[in-house]
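In: Based on what follows, work out the 3D shape:
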Amino acid sequence: MSYTVCSSERLRKSGADAETKAMLYLMNFREDSSEMNYFIVDFFNDITGMDRMARKLWDVQSKATKTASAKVIGRELVTLFKNFLSDFSFVDYIIFMGGVPDTFRKDSSLNVFDISNIKEKALSSVREGLIDECKKKEYINNSEITDVNIDKFLEEIWFIIDDKEPQEYIKQIIKDHPSIIPSDSKLIGIFNEIRNKQSELKNINVEGITIDRIDEVLSYGRELKTQEIRLLVLQRILNADPLSKGVPVPFMPIYLKYPEERRERLLYDCQSAMCRALFNNSLAQAYWTLFDYVYTAIIQNPNKNMDDIFYSIPDDIVNACTDFDAFSLKYFIAKIKEGISQ
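Out: Alright, predicted model coming up:
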């Protein structure tokens with residue numbers, strides 16, 4: 001088994017926005033989104049989802065245009081077809097688009113659909129465009145451009161129409177915690193920052209690289225992680241990095257009261273607990289419930305001190321976050337309180 005990278009690219013802003021939306025679609029809007037741990041940028045395709053142990057791949061081609069003809073849409077499927085023919089298997093093959101012509105869909109209300117929702121004439125044009133583009137690409141063997149392969153491939157494709165604004169993709173990350181959702185302008189700023197981080201990964205040249213196993217892709221530094229994205233969102237909501245080193249001011253009375261020779265260890269333990277809690281996928285919901293409670297309590301009661309907030313948290317919320325103890329939970333509260341006040 002092997003896979004060779006071909007035709008990595010740089011994009012205009014609209015294309016970069018589409019790729020970020022496609023990534024956040026994988027992360028938040030699918031029934032299997034919880035399986036996504038890595039998002040590989042411009043290696044197998046524009047975006048490729050990968051599970052935690054690098055055993056599964058979700059293949060996504062993204063295009064920002066809203067008015068491409070059916071034949072042009074067919075041409076855009078060529079990289080997905082290349083991957084379909086490759087030695088590697090993918091859970092799904094997805095084209096994420098800004099829009100389609102009115103003559104494309106049978107049911108125009110469906111924004112997630114397969115070829116059963118494409119009109120016969122449009123599907124014929126999609127097929128024609130795909131075949132034309134395949135013949136132009138050196139990385140697809142002409143012997144593989146067969147009716148059987150094309151038919152099997154088209155049966156596998158999911159067509160996704162982007163019907164959301166950038167801020168909606170960020171809201172979905174924290175949708176269960178409406179009290180911490182900031183203004184649309186701030187959400188758009190967060191989206192832009194994620195887009196820029198994603199685009200920066202394209203500076204790493206991978207053209208022509210061949211890998212024999214899918215986990216080898218992680219050696220080339222072209223990935224973003226689900227928790228990395230969540231942490232960035234959290235940082236921007238707090239206006240601070242919750243994992244930054246140092247003693248938050250509200251925690252200082254505890255820190256100074258503690259034996260001097262053990263203070264460094266105390267700080268390390270608190271920071272380690274925060275890291276474990278934030279990146280513990282199995283307790284992600286418990287973490288965000290705790291964060292939501294603490295954040296809301298501080299916003300609604302800015303004059304309450306760290307201990308007041310600590311003792312107000314219901315036992316069921318505290319007990320669900322097993323990564324924290326009394327010290328580290330107070331440290332967590334102090335970090336949020338300091339971040340909000342900045």
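In: quick one, domains of the chain?
Out: What automatic domain parsing lists as the domains of the chain is 3-225, 239-341.
In: To Leu232, which of those domains lies closest?
Out: Smallest distance to Leu232 across the domains of the chain (C-beta to C-beta): 6.4 Å, for domain 3-225. No exception for glycine: its C-beta is placed from N, CA and C like everyone else's.
In: mean confidence score for that closest one?
Out: Regarding domain 3-225, the rounded mean pLDDT is 92.
In: Kindly check the end-to-end length of it for me.
Out: Its first and final residues considered, domain 3-225 spans 22 Å by C-alpha to C-alpha, to the nearest Å.
In: Ends of stretch 107-127, what's the gap?
Out: 20 Å.
In: buried set for it?
Out: Buried positions in stretch 107-127, judged by neighbour count with 16 or more other C-beta atoms under 10 Å: 113, 115, 117-118, 122-123, 125-127.
In: So which residues make contact with that stretch?
Out: If you take C-beta atoms under 8 Å, 6 or more residues apart in numbering as the criterion, stretch 107-127 is touched by 69-71, 73-74, 77, 101-106, 150, 154-155, 157-161, 163.
In: Equivalent analysis for stretch 131-147, please.
Out: 4, 6-7, 71, 74-75, 77-78, 81-82, 85, 150.
In: Tell me which stretches of the stretch 101-250 of the chain form helices.
Out: Secondary structure of the stretch 101-250 of the chain (DSSP state H, counting those that start in this stretch): helices located at 120-136, 147-156, 166-171, 184-200, 226-238.
In: where does the stretch 201-342 of the chain have low pLDDT?
Out: Per-residue confidence for the stretch 201-342 of the chain (pLDDT under 70) gives these ranges: 239-243, 342.
In: If we use 90, what do you get?
Out: The model of the stretch 201-342 of the chain has pLDDT under 90 over residues 202-209, 227-228, 230-246, 274-289, 291-292, 295-296, 298-303, 336-342.
In: hey, where'd the strands end up in it?
Out: Secondary structure of the stretch 201-342 of the chain by DSSP state E, counting those that start in this stretch: the strands cover 210-211, 223-225.
In: Now do stretch 146-160: distance to the chain's middle.
Out: In terms of C-alpha atoms, centre = their mean, to the nearest Å, the centre of stretch 146-160 is found 26 Å from the chain centre.
In: pull the CA atoms of it into PDB?
Out: Extracted in PDB, the C-alpha atoms of stretch 146-160 (Å, rounded to 0.1, in the frame of the first residue of the first chain):
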ATOM      1  CA  THR A 146     -14.000   2.800 -16.600                       C
ATOM      2  CA  ASP A 147     -17.800   2.900 -16.400                       C
ATOM      3  CA  VAL A 148     -17.700   0.400 -13.500                       C
ATOM      4  CA  ASN A 149     -15.200   2.500 -11.500                       C
ATOM      5  CA  ILE A 150     -17.100   5.800 -12.200                       C
ATOM      6  CA  ASP A 151     -20.400   4.300 -11.300                       C
ATOM      7  CA  LYS A 152     -19.100   2.800  -8.000                       C
ATOM      8  CA  PHE A 153     -17.400   6.100  -7.100                       C
ATOM      9  CA  LEU A 154     -20.500   8.300  -7.800                       C
ATOM     10  CA  GLU A 155     -22.600   6.000  -5.600                       C
ATOM     11  CA  GLU A 156     -20.200   6.800  -2.700                       C
ATOM     12  CA  ILE A 157     -20.200  10.600  -3.000                       C
ATOM     13  CA  TRP A 158     -21.900  12.900  -0.500                       C
ATOM     14  CA  PHE A 159     -22.700  16.400  -1.700                       C
ATOM     15  CA  ILE A 160     -22.800  19.000   1.000                       C
END
